[in-house]
Every structure is written in structure tokens, then in C-alpha cells.
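Trainee: coords below, sequence missing:
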């Protein structure tokens, strides 16, 4: 299930999704807001026939992007913490593989191992921001204003990324060897998951920078509507670039007129 970045009141307007053919800036207006579940409403930046832009809508979009950036940043930070905890588990499981380990030492390593597992669970559960947690398996894909999305990465123990079971133990040398293998696999999976999330977060930052420039220019008063149209075209070009990066097939097949409209 896809949800959209939102907040209450003025934060909720978002750029119209480029996947909707036949609409957008080329139509020269703002379509009625469309509800998306109980999360948000979407609206397009108004780029009319005279090239005008609405500063209130641009600022609202910037606030929505800030919310998305906060969600992504907290998730990435939590992912780094989990990576550190996996490193600790790796050391504990490696030491527990020794078959000559005395019972007291093994019990101590096992207690530390289970405590670290609990820390991972707590870290993942506390990775939410603005009511969205991309790491605990409860959120769907998060649509970003103007195109693109934040894809959740389920970091729950025993899940698709951290394959290590929450009940894993170091009670024997054999169990420790299995736990170590699962920790290593989890670490490799985590690297890939966080890399994907970081790439999506970078798209948000790039989009936010364009919106910031638009807002500053509009508040300062653009000298001509042509300049406003140029800024709007840059924003739309970024939308197309983002969409081409994540789903080139739908853009090529469904919305070529949106790309062509940038050159009219």
C-alpha cells in the first residue's frame, strides 16, 4: 500500500504524480486535491499559460519534502546503529564458536548476544518520524511529492534483511556458528538496503534544493513571467529525471507528452 508524505494543514499539498497521464503542468492549472487514504492530499504546482507560480504551493511542497527527508534521515541513522550492533553480534558469535569455551564464559557471551538482539529490535521500533517507520515492516512505499518514493526496508529480526532469528542463541559451538553465518548474511543485506534508501534520500535533497530556489526567487519577485516559467520547467525536468531513474518503462509508455511539454 502506498502512502504519501504529509502533515496537517499547509504541509499536506504535494506535487501531482507524473504517473497520471494527461495532467500536470502542461494542463496549465491545479487539479482538485485528491485524498490518498487518510494521509494526504495532492496538488500540482500552478504553472499557468503566463508561466506564473504559486509561492504558497511551493512552500507547502518544501515542507512536505522536509518531512520526507526527516523520515529518511532517521531511518538511515537507525540503519547505521543496527550495522554497529551487527558488528558486536559478529564478535560475540565468533568467540562462542570455540568448543573449549567454559560454561560460564559461554553463558556470559550468550547473555550479551541476546541483549544486543534486543537493542536491534528497540532501535528499529524507534526509527519512526511523523508517524512513519520505514524499518519496522509497518509502512508501505512512501510517495514523494513530484515523483519517486521511499521504499521501506524491513529490519525486523528474522525478516528479509536481518535473517538472524530473534531467538538465536550461542548455547553451543554449533549454534554459535549458525548465528555467525546469519549475522554475516544480515550485514550484507543491510548494506544493500541502506544504500538503496540513501539513494532515494539524495533524490529528496535534490528536489528540495530546486524548491528552495523557486521559493526564494518567487518571494524576491521575479522580473518576468518567462523567468517563472523557466524555474517551473527546471522543477518539471527534475520530476522527469526522478521518474526515469525509478521507473523508465511507465514514463516512456504512458507520459511522453509530459517530457515534450518542457520544450514547448
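Mentor: Ah, there it is. Computed from a predicted model, the values in this text were never measured in an experiment. Numbers count the residues shown, from 1 in each chain.
Trainee: buried residues, stretch 118-136. List them.
Mentor: Judged by neighbour count (16 or more other Cβ atoms under 10 Å), stretch 118-136 contains these buried residues: 119-121, 123-124, 127-129, 132-136. All C-beta spots, glycine's among them, are computed from the backbone N, C-alpha and C.
Trainee: again, but for stretch 79-97
Mentor: Buried positions in stretch 79-97, judged by neighbour count with 16+ other Cβ under 10 Å: 79, 81-82, 85-86, 88-90, 92-93, 95-97.
Trainee: the helices in this protein, which residues?
Mentor: In the chain, helices defined by DSSP state H lie at 55-96, 103-125, 173-220, 225-246, 248-254, 256-260, listed in chain order.
Trainee: so, low pLDDT: which residues of the protein?
Mentor: Flagging of the chain using pLDDT under 70 yields the residue ranges 1-54, 145-147, 221-264.
Trainee: if we can go back for a sec, pull the most distant pair out of the buried residues of stretch 118-136.
Mentor: 119 and 132 (22.1 Å; Cβ to Cβ).
Trainee: and the residue lying closest to residue 153 once chain neighbours are set aside, how far is that from residue 112?
Mentor: With Cβ to Cβ, 6 or more residues apart in numbering as the criterion, residue 153 has its nearest non-adjacent residue at 4.0 Å, and that residue is residue 193. According to Cβ to Cβ, to the nearest Å, residue 193 stands 25 Å off from residue 112.
Trainee: residue 93 too?
Mentor: 10 Å.
Trainee: and if you look at residue 168?
Mentor: 13 Å.
Trainee: same check on residue 217?
Mentor: For residue 217, the distance to residue 112 equals 56 Å [Cβ to Cβ].
Trainee: cool, residue 58 as well?
Mentor: According to Cβ to Cβ, residue 58 and residue 112 sit 52 Å apart.
Trainee: residue 168 touches residue 177, doesn't it?
Mentor: No: the pair residue 168 and residue 177 does not pass the contact test of Cβ atoms under 8 Å, sitting 11.5 Å apart.
Trainee: among the two, which residue is more densely surrounded?
Mentor: Applying other Cβ atoms under 10 Å to residue 168 and residue 177 shows that residue 168 carries more neighbours, namely 22 against 16.
Trainee: give me phi/psi at the more buried one?
Mentor: Residue 168 has phi and psi values of phi -60, psi 150 when expressed as degrees, to the nearest 10.
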